[in-house]
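*Asks:* Pasting a predicted model and its sequence here:
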Amino acid sequence: MSDDALASVPVGPVPSSREGERLLDLIRVQARLRRPDGCPWDREQTHQTLARHLLEETHELLEAIDREDDDAIRDELGDLLLQVTFHAQIAADEGRWDVDDVAEGLVRKLIHRHPHVFADVEVADAGEVLVNWEQLKADESGGRAGVDEGIPASLPALARAAKVQRRAAGWGFEWRTRERVLDKVREELDEVEEALDDPDRAEEEIGDLLLTIVALARHVGLDAESALRRSTTKLAERADRTLALAEERGIDLREAGEDEALALYREARGSGRT
């Protein structure tokens, strides 16, 4: 897309009273901090030294989102945005590229990958949007490569599974209906049960079951990684309430019978919000 075409895209007014003007102030502040007479710590930072902060800020934002804490989400988004402008300023100081190059590349990508908005392509739902996204992404890189090429192996396993599945779906490799996925979940669960006496086979079958669970989440428009993160937090809260209740009554859960422990758990669950 040419610069003229890019400028003429009918995106409409920015739904904000200040239309992003404070973002420019942030960029100016970041540049000032990196000047020779700025902050010694900011001047010393590199892409490598900032990497761990980017990961920390991302997890803090995820936690705020899970808590549905609106003020915290805003603050953590600011901390994450700081990482973006910081990395861009480092590159600008070295004469490689700047934050405008980052934004321009992103604008081009968004327009190209949303032909149902900026062109005449029609889509049925959000799931089809994601499938088209992967197809267009492959076209940008010169055609289809390996299904997991470029997807970091270090991603959380459920998140990586979802991304690989989305990409495969872009090339037609997926279960087409929710019912077929549910059938596969039941099939994999049966295979897990049959494999439990063989650790190596059980690991493989449990992995297959988790993959089908990720696929089921995708088919109903959910993110398996987020779902598991929330359920893990809920489990910890319920376990804490159960242990506190047992302690109040002088019960050692390690020695209690299964029925007694389950009754305490149900009572504790009923006393909380989750």
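*Replies:* Arrived safely, thanks for sending.

*Asks:* going forward, measure contacts and count neighbours with C-alpha atoms only.
*Replies:* Fine.

*Asks:* Show me the shaky parts of the stretch 51-200 of the chain.
*Replies:* 141-145 (pLDDT under 70).

*Asks:* Tell me which helix or strand the residue minimising distance to the centre of the chain sits in.
*Replies:* Geometric centre of the chain, nearest residue: residue 159, 6.9 Å, by C-alpha atoms, centre = their mean. In the assignment (DSSP states H and E), residue 159 maps to helix 157-170.

*Asks:* what do you get for residue 179?
*Replies:* Going by DSSP H and E, residue 179 is in helix 178-195.

*Asks:* Off-centre distance for that helix?
*Replies:* In terms of C-alpha atoms, centre = their mean, to the nearest Å, the centre of helix 178-195 is set 26 Å apart from its chain centre.

*Asks:* For it, give me every contacting residue.
*Replies:* Residues outside helix 178-195 that contact it (C-alpha atoms under 8 Å, 6 or more residues apart in numbering) are 175, 201-202, 205-206, 208-209, 212-213, 215-216, 219-220.

*Asks:* so after that helix, what's the next helix or strand?
*Replies:* helix 199-219.

*Asks:* where along the protein do the helices fall?
*Replies:* 3-7, 21-33, 40-44, 47-67, 70-93, 99-112, 115-118, 126-140, 157-170, 178-195, 199-219, 224-248, 258-271 (DSSP state H).

*Asks:* so of these, which one's packed in deepest?
*Replies:* helix 157-170 (a mean of 20; mean count of other C-alpha atoms under 10 Å).

*Asks:* Check what contacts that helix and list those residues.
*Replies:* 130-135, 147-148, 151-153, 174, 211, 214-215, 218, 223-225.

*Asks:* 6 Å instead, please
*Replies:* Outside helix 157-170, the residues within contact range by C-alpha atoms under 6 Å, 6 or more residues apart in numbering are 131, 134-135, 148, 225.

*Asks:* so how far is that helix from its chain's centroid?
*Replies:* The answer for helix 157-170 is 12 Å, by C-alpha atoms, centre = their mean.

*Asks:* distance of residue 199 from residue 205?
*Replies:* 10 Å (C-alpha to C-alpha, to the nearest Å).

*Asks:* cool, residue 125 as well?
*Replies:* Residue 125 is 32 Å from residue 205, where distance means C-alpha to C-alpha.

*Asks:* again with residue 66
*Replies:* Taken as C-alpha to C-alpha, the span from residue 66 to residue 205 is 30 Å.

*Asks:* the domain parsing of the protein - what is it?
*Replies:* According to automatic domain parsing, the chain is divided into the following domains: 3-100, 226-271.

*Asks:* Now the shortest one: average pLDDT?
*Replies:* Domain 226-271 carries an average pLDDT of 88.

*Asks:* mind listing what residue 201 touches?
*Replies:* residue 195.

*Asks:* Look at it and report its pLDDT.
*Replies:* 95.
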